[in-house]
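Peer 1: Here is a sequence with its predicted model. Questions after.
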Amino acid sequence: MLDLFPLTEEQREIERVARDFAAAEIVPYSRQWDRDSYFEIALVKKLGDLGFLGMLTAEEYDGLGLDTVTYLVALEEIAAADASVAVMMSVHNSLPTQMLATFGSEEQKQRFLKPMARGELLGAFALSEPEAGSDAAALTTQAVRDGDDWILNGTKSWVTSGPYAGVILVQARTDTSADRKGARGIGAFIVTPDLAGFSVGKKEDKMGLRASPTVQIVLDGVRVPAANLLGDPSMGYVYAMRSLNAGRLGIAAQAVGIARAAFDAAVAYAAERRQFGQPIRDFQGIQFKLSNMATRISAARALLHAAARAKDANASSAKQAASMAKLFASETAMWVTTEAVQVFGGYGYVKDYPVEKLFRDAKITEIYEGTSEIQRIVIARELYA
Ligand SMILES: Cc1cc2nc3c(=O)[nH]c(=O)nc-3n(C[C@H](O)[C@H](O)[C@H](O)COP(=O)(O)OP(=O)(O)OC[C@H]3O[C@@H](n4cnc5c(N)ncnc54)[C@H](O)[C@@H]3O)c2cc1C
């Protein structure tokens, strides 16, 4: 497929490593994991050994200290093999890792960031609540100071990797006064599952991404040491929003990987499936589908890599570019997987072929880390700025 931004030799090497790893450790099992809703915990250590859980983390904290494009290249490969593994890798590398790296104290980095980069601790992020989704700043989980600790009470929903995470960045309201407003007055807490009062609640029974556990986290008087508060107690939400660019780009890379896998499957099937005495790829109607799929995937990847470069350059356009990349790539994934099912005809609708799963997995990319509607709001805000 057309590569609008050719990769460097180092990036090609990382791409090869990711592809080989996925072919050996993920592809043979992915369909079964999906059927069983099974999370393969052993992958955390294996991805850690490759350095894939600290790709953006500085080398002094046991990461690879790579640029964002290289990270996204690896993530696309993992997502093309299995979107559930990719979301675990994306969430870990983005919000918990980025927030610790940017806003954590030296002691917090030594205690959490280093083992996270090595794959010894899996990271998760708990912002959403049953009544606070797109309007996440409306969250009601409370954090009340008590001596050297903070006491957390509330329920978090949709926590990716929740049951297996060793570090969860929990957003909780520290300013509980009646006139408190929106985003200010929220702290970010490093919560570990060994703390009394912490429990994993309902596991969601999802349409796709079935091998990624998504759970509620219940915080019932959890006593979190003050040393586990990230930076300023009123700035946690602001820290999260500032760290979100990496997350959005990760989801966009996941979307490109899903779309590419569906495209590859459709191209191969169109060559082998015969109707009316010829391979269906010889019909112009099918050629047009494949051409449109290839064009949109190339455009999505180009926008994604451009947005990654803008992020690394601290460009003023970085936020808008990340939203555009996430919006375009996720809608591309949904569109391409829909077309891929169509190319497969009835066989696209059953689990014997890969596109049925890819179609189910694609949908979530339009929803989490900001829905498509929210991305359009972010883009418009920047247009009017
Ligand atoms: C599989 C999965 C994994 C997730 N992982 C995590 C995680 O690890 N951590 C975490 O904190 N959260 C996570 N989430 C939560 C996710 O980020 C939210 O689901 C998402 O932000 C949307 O919130 P909501 O589901 O409450 O939808 P709502 O906010 O209720 O939105 C419903 C609809 O209204 C639209 N809408 C809302 N506001 C506006 C507006 N102002 N203008 C126009 N349209 C609007 C939305 O776009 C959507 O179409 C996950 C969700 C899922 C499904």
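Peer 2: Right, received. Where do you want to start?

Peer 1: hey, let's count contacts and neighbours off CA atoms from now on
Peer 2: OK.

Peer 1: Count the residues that sit near Glu9.
Peer 2: By the criterion of other Cα atoms under 10 Å, Glu9 has 9 neighbours.

Peer 1: Give me the residue ranges of the stretch 201-350 of the chain where confidence is low.
Peer 2: By pLDDT under 70, the low-scoring segments of the stretch 201-350 of the chain are 246.

Peer 1: one more time with 90, if that's ok
Peer 2: 242-247 (pLDDT under 90).

Peer 1: before we move on, what about the stretch 1-150 of the chain?
Peer 2: Applying pLDDT under 90 to the stretch 1-150 of the chain flags residues 1-6.

Peer 1: Those residues of it touching the ligand, which are they?
Peer 2: Neighbours of the ligand within the stretch 1-150 of the chain, by Cα under 6 Å from any ligand atom: 125-128, 132-134.

Peer 1: In terms of pLDDT, where does the residue in the stretch 251-385 of the chain positioned nearest to the ligand sit?
Peer 2: When distances are taken as Cα to the nearest ligand atom, the stretch 251-385 of the chain reaches nearest to the ligand at Tyr368, 3.9 Å away. Predicted confidence (pLDDT) for Tyr368: 97.

Peer 1: Can you verify it is assigned to a helix?
Peer 2: No: judged by DSSP: H, G, I helix; E, B strand; the rest coil, Tyr368 forms no part of a helix; its state is coil.

Peer 1: since we're on it, how many residues are nearby?
Peer 2: Tyr368 is flanked by 14 other residues according to other Cα under 10 Å.

Peer 1: Roughly how far does it sit from Ser323?
Peer 2: 12 Å (Cα to Cα, to the nearest Å).

Peer 1: can you check Ala188 too?
Peer 2: Distance of Ala188 to Ser323, computed by Cα to Cα: 23 Å.

Peer 1: Which one's more surrounded, the two?
Peer 2: Ala188 (31 against 26).

Peer 1: Find me the pLDDT at that one, would you?
Peer 2: pLDDT for Ala188: 98.

Peer 1: The helix or strand hosting it near the ligand anywhere?
Peer 2: Using DSSP states H and E, Ala188 sits within strand 186-191. No: applying Cα under 6 Å from any ligand atom, one finds strand 186-191 separated from the ligand by no less than 12.0 Å.

Peer 1: if we can go back for a sec, so which of the residues of the stretch 1-150 of the chain next to the ligand belong to strands?
Peer 2: Those of these mapping onto strands are 125-126, per DSSP state E.

Peer 1: residue boundaries of the strands in the stretch 51-200 of the chain?
Peer 2: 123-126, 142-146, 149-160, 167-173, 186-191, 198-203 (DSSP state E, counting those that start in this stretch).

Peer 1: Would you mind naming the helix or strand containing the closest residue to Gly162 other than its chain neighbours?
Peer 2: Nearest non-adjacent residue to Gly162, counting by Cα to Cα, 6 or more residues apart in numbering: Val215, 5.9 Å away. Take DSSP H and E as the rule and Val215 turns out to sit in strand 214-225.
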